[in-house]
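**Student:** predicted model and sequence follow; I will ask about them next.
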Amino acid sequence: MRWGLVPSWAKDLKAGARMINAVGETVSTKPAFRTAFQKRRCLVLANGFYEWKKDGKRRLPTYIYPKNGEPLAFAGLWDTWKSPEGLVIRSCTIITTSANSFIEPLHTRMPVILSDETQALWLDPLTEDTTNLEPLLIPAPEEFLAAYPVSETVNSVKNQGPDLILPLTLGDQEPVLNDRLFP
């Protein structure tokens, strides 16, 4: 799927650039997400995610991952858009929530990470009453996550590859972050 939700009613693909994330507190009321929240939920799997801490003009990236090494399951929404020429695009977004105390030094928000126990309810196509789903849109427990600084090469989408999640070695750069993140 293409990242950045393009609602079925959008005039063009540009809508997706503005909808890479959906705010959990308003996902049930915003027109772009409301129907997908009721009927088209998905899991977006990841090994981890990045957040950045500003240090002057520099953006210092941090890789955040689950301590247990299992994949993360982000709460996601999807939709299908059809261009006037007949091109069909399936797109998705992840839902965010307020940051837990572990992420808060980096950013005020974080992805909604669904537990193994809540994934079945999230994916259940018979669950259209969003009042049953809203309690799932909470921050993950802070003890669930770990993090370390990574190279600033991740700051450009042109850079790809597994080396982007390698921890910085001493001397690569001096991160200016909360000591709790980096023992």
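**Tutor:** Great, that's in hand. Residues are numbered from 1 along each chain as shown.
**Student:** who does the one helix or strand Gln38 maps to touch, helix- and strand-wise?
**Tutor:** Assigned by DSSP states H and E, Gln38 belongs to helix 31-39. Packing partners of helix 31-39 (3 or more C-beta pairs under 8 Å, 6 or more residues apart in numbering; DSSP states H and E): strand 21-23, strand 72-82. The way it works is simple: take the backbone N, C-alpha and C, and place the C-beta from them, glycine included.
**Student:** average pLDDT across the last one?
**Tutor:** Averaged across strand 72-82, pLDDT comes to 96.
**Student:** could you check the angle that strand makes with helix 31-39?
**Tutor:** 110 degrees (axes from the mean of the first three to the mean of the last three C-alpha atoms, to 10 degrees).
**Student:** and strand 72-82, how far out from the chain middle?
**Tutor:** 11 Å (C-alpha atoms, centre = their mean, to the nearest Å).
**Student:** i'd like the first residue to be 454 from this point on
**Tutor:** Yep, numbering from 454; the last one is strand 525-535 now.
**Student:** in it, what's buried?
**Tutor:** Leu525, Ala526, Phe527, Ala528, Gly529, Leu530, Trp531, Asp532, Trp534 (16 or more other C-beta atoms under 10 Å).
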